[in-house]
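In: quick check, what structure comes out for this input:
(one chain, ligands or ions: 1)
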Amino acid sequence: MRAPIEDVRVTALTVPTDRPESDGTLAWDHTGVVVVEIEAAGTTGLGWTYAGPGAATVLSGTLAAVLDGRDADDVGAAWMAMRRAVRNDGEPGLAACAISAADVALWDRFSRARGTALAVALGAFREAVPVYGSGGFCSYDDATLREQLGGWAAAGMTMVKMKVGADPAADPHRVRVAREAIGADVALLVDANGAYDPRAALRHAAELDRAAGGLHWLEEPVSSRDRAGLAFVRGHVAPGIAVAAGEYVTGTEDALALLAAGAVDVLQADVTRCGGMTGFRAIGALAAAHGIPLSGHCAPALHAHAACCVERIAHVEYFHDHARLEPMLFTGVPEVAGGTLRIAPDRPGHGLELRPDAVSRFGG
Ligand SMILES: [Mg+2]
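Out: Numbers count the residues shown, from 1 in each chain. You can find the predicted model right below:
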């Protein structure tokens, strides 16, 4: 055996948001992050997922037992073994998040051990990817909305996304405020987080399209479980508006269900939920085979590498919460310049390290 796994260290962190946040179907005041470090043959890999402490329980229990002593270089074999191990507990949800974090840590370790950037080790298609600023929460007042979205546009982003759906009557005003802040040339994306039913989605999309002077993207107008509903909206909405969904897919099977239903113009996937780098790359190939681009959901520091390893990528979501907290938890976070996230191709792994003070500040 080349690199037997010697240690799996798991840390659950809770980071308060900078102000109360809500979208079309949920409100929150903190972000859960579960970090895993996997050590083998003198090299440690780092991965994480955005999930509550239940994912830490899966990692430190079931998954650590599967990984202990296994060859860290056989990342695909470890990925399959982890998926099998959680079969009876239910793979979607927390278990998928835990597996994703471990898979990211294993690929990080694999590439660090070879002195190669993670995306390069996986066969990069590119070294940079466009991002869109994402926030615009339903809980924001007009001034905060204007400042955040206008700030991203001023920084060179050509696309920004805001939440809608908590109070549909207020949304036409909110998208007008956003449009004034970003100008005519920046694409405006909206995310309803499943707040509408299919017919209401068409009505609201038409209202918001008019109020905003053009909408570019309508994300989860209905629940992503309602694939027929998504396909209905996609089939009837104005042709300039792309329907997107996929942030909850936990593997190729979920992704295929959305693609086969004709539910999306752009498929989304989250490397911290969909099976890590292994899952994200497989979903990227599946989407490309369907002629559909993939967009990375949140976790910009990890999607910088993941998105470079997918043939047909639309962009990566530069989500306010994660963009804010990643530099608080890690060193080496890639910075956005001119609306683009660029990897450091000469830096081993994904290049991030857990800050020593992150655990004392946000752990426990
Ligand atoms: Mg979303």
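
In: report the buried residues of stretch 234-241.
Out: Within stretch 234-241, the residues that qualify as buried are 234, 237, 241, counting by 16 or more other CB atoms under 10 Å. For every residue, glycine as well, the C-beta is placed using N, CA and C.

In: up against the ion, what does this protein have?
Out: Taking CB under 5 Å from the ion as the measure of proximity, the chain contacts the ion at 191, 247.

In: residue of the chain nearest the ion, please.
Out: At 4.4 Å from the ion, residue 191 is the closest residue in the chain, using CB to the ion.

In: that residue reaches residue 23, doesn't it?
Out: Yes. Between residue 191 and residue 23 there is a contact at 6.8 Å, judged by CB atoms under 8 Å.

In: which neighbours do these two share?
Out: residue 163 (CB atoms under 8 Å, 6 or more residues apart in numbering).

In: neighbour count for those two, which is higher?
Out: Taking neighbours as other CB atoms under 10 Å, residue 191 and residue 23 compare with residue 191 leading, 25 against 22.

In: chain neighbours aside, what residue packs nearest to that one?
Out: Leaving aside its chain neighbours, residue 191 sits nearest to residue 219 (3.9 Å; criterion: CB to CB, 6 or more residues apart in numbering).

In: again, but for residue 105
Out: In space, and not counting its chain neighbours, residue 105 is closest to residue 47: 3.3 Å by CB to CB, 6+ apart.

In: alpha carbons of the regular element (helix or strand) spanning the one you found, as PDB, please.
Out: Here residue 47, judged by DSSP states H and E, is contained in strand 43-49. Provided in PDB are the C-alpha atoms of strand 43-49 (Å, rounded to 0.1, in the frame of the first residue of the first chain):
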ATOM      1  CA  THR A  43       0.700  14.700   3.700                       C
ATOM      2  CA  THR A  44      -2.600  16.100   4.900                       C
ATOM      3  CA  GLY A  45      -5.600  17.000   2.700                       C
ATOM      4  CA  LEU A  46      -8.300  19.500   3.600                       C
ATOM      5  CA  GLY A  47     -11.900  19.400   2.700                       C
ATOM      6  CA  TRP A  48     -15.100  20.900   4.000                       C
ATOM      7  CA  THR A  49     -18.900  21.000   3.500                       C
END
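
In: what lies in contact with that strand?
Out: 3, 7, 33-39, 55, 72, 97-98, 100-110, 112-113, 272-273, 276, 302, 330, 349-350, 352-354.

In: domain ranges for the chain?
Out: As given by automatic domain parsing, the domain ranges for the chain are 5-115+356-362, 120-353.

In: need the phi and psi values for the residue of the chain closest to the ion.
Out: phi -130, psi 120 (degrees, to the nearest 10).

In: pull up the gap between it and residue 25, please.
Out: For residue 191, the distance to residue 25 equals 10 Å [CB to CB, to the nearest Å].

In: same thing with residue 73?
Out: Residue 73 is 42 Å from residue 25, by CB to CB.

In: returning to what we had before: please produce TSV containing the domains of the chain, extended by mean pLDDT.
Out: Below are the domains of the chain laid out as TSV (pLDDT from 0 to 100):
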stretch	mean pLDDT
domain 5-115+356-362	97
domain 120-353	97
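
In: wait, residue 343 sits on residue 333?
Out: No. Using CB under 8 Å, residue 343 is not in contact with residue 333, being 11.6 Å away.

In: looking at these two, which is more packed in?
Out: Comparing residue 343 with residue 333 by other CB under 10 Å, the one with more neighbours is residue 343, at 22 against 17.

In: need the contact list for that one.
Out: Residue 343 makes contact with 117, 118, 119, 124, 127, 128, 304, 305, 308, 334, 351, according to CB under 8 Å, 6+ apart.

In: residue 218 too?
Out: Residues near residue 218 by CB under 8 Å, 6+ apart: 190, 192, 201, 205, 233, 237, 241, 242, 243, 244.

In: got phi/psi on the third one?
Out: By that I understand residue 201. phi -60, psi -40.

In: who's in contact with it?
Out: Residue 201 makes contacts with 192, 218, 221, 222, 229, 233, 237, as judged by CB under 8 Å, 6+ apart.

In: quick check: closest non-adjacent residue to it.
Out: residue 221 (3.6 Å).

In: burial measure for that neighbour, as a count.
Out: Residue 221: 34 surrounding residues under other CB under 10 Å.

In: just the CA coordinates for the lengthiest helix in the chain, please, in PDB.
Out: Ranked by number of residues, the top helix in the chain under DSSP state H is helix 94-113. The C-alpha trace of helix 94-113 is given here as PDB (Å, rounded to 0.1, in the frame of the first residue of the first chain):
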ATOM      1  CA  LEU A  94     -25.900  15.000   5.500                       C
ATOM      2  CA  ALA A  95     -24.100  11.800   4.500                       C
ATOM      3  CA  ALA A  96     -23.600  13.100   1.000                       C
ATOM      4  CA  CYS A  97     -22.200  16.300   2.400                       C
ATOM      5  CA  ALA A  98     -19.800  14.300   4.600                       C
ATOM      6  CA  ILE A  99     -18.700  12.200   1.700                       C
ATOM      7  CA  SER A 100     -18.100  15.300  -0.400                       C
ATOM      8  CA  ALA A 101     -15.900  16.900   2.300                       C
ATOM      9  CA  ALA A 102     -13.800  13.700   2.500                       C
ATOM     10  CA  ASP A 103     -13.500  13.400  -1.200                       C
ATOM     11  CA  VAL A 104     -12.300  17.000  -1.500                       C
ATOM     12  CA  ALA A 105      -9.700  16.300   1.300                       C
ATOM     13  CA  LEU A 106      -8.500  13.100  -0.500                       C
ATOM     14  CA  TRP A 107      -8.000  14.900  -3.800                       C
ATOM     15  CA  ASP A 108      -6.300  17.800  -2.100                       C
ATOM     16  CA  ARG A 109      -4.000  15.300  -0.400                       C
ATOM     17  CA  PHE A 110      -3.400  13.400  -3.600                       C
ATOM     18  CA  SER A 111      -2.400  16.600  -5.500                       C
ATOM     19  CA  ARG A 112      -0.300  18.000  -2.600                       C
ATOM     20  CA  ALA A 113       1.600  14.800  -2.400                       C
END
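
In: alright, I will stop here.
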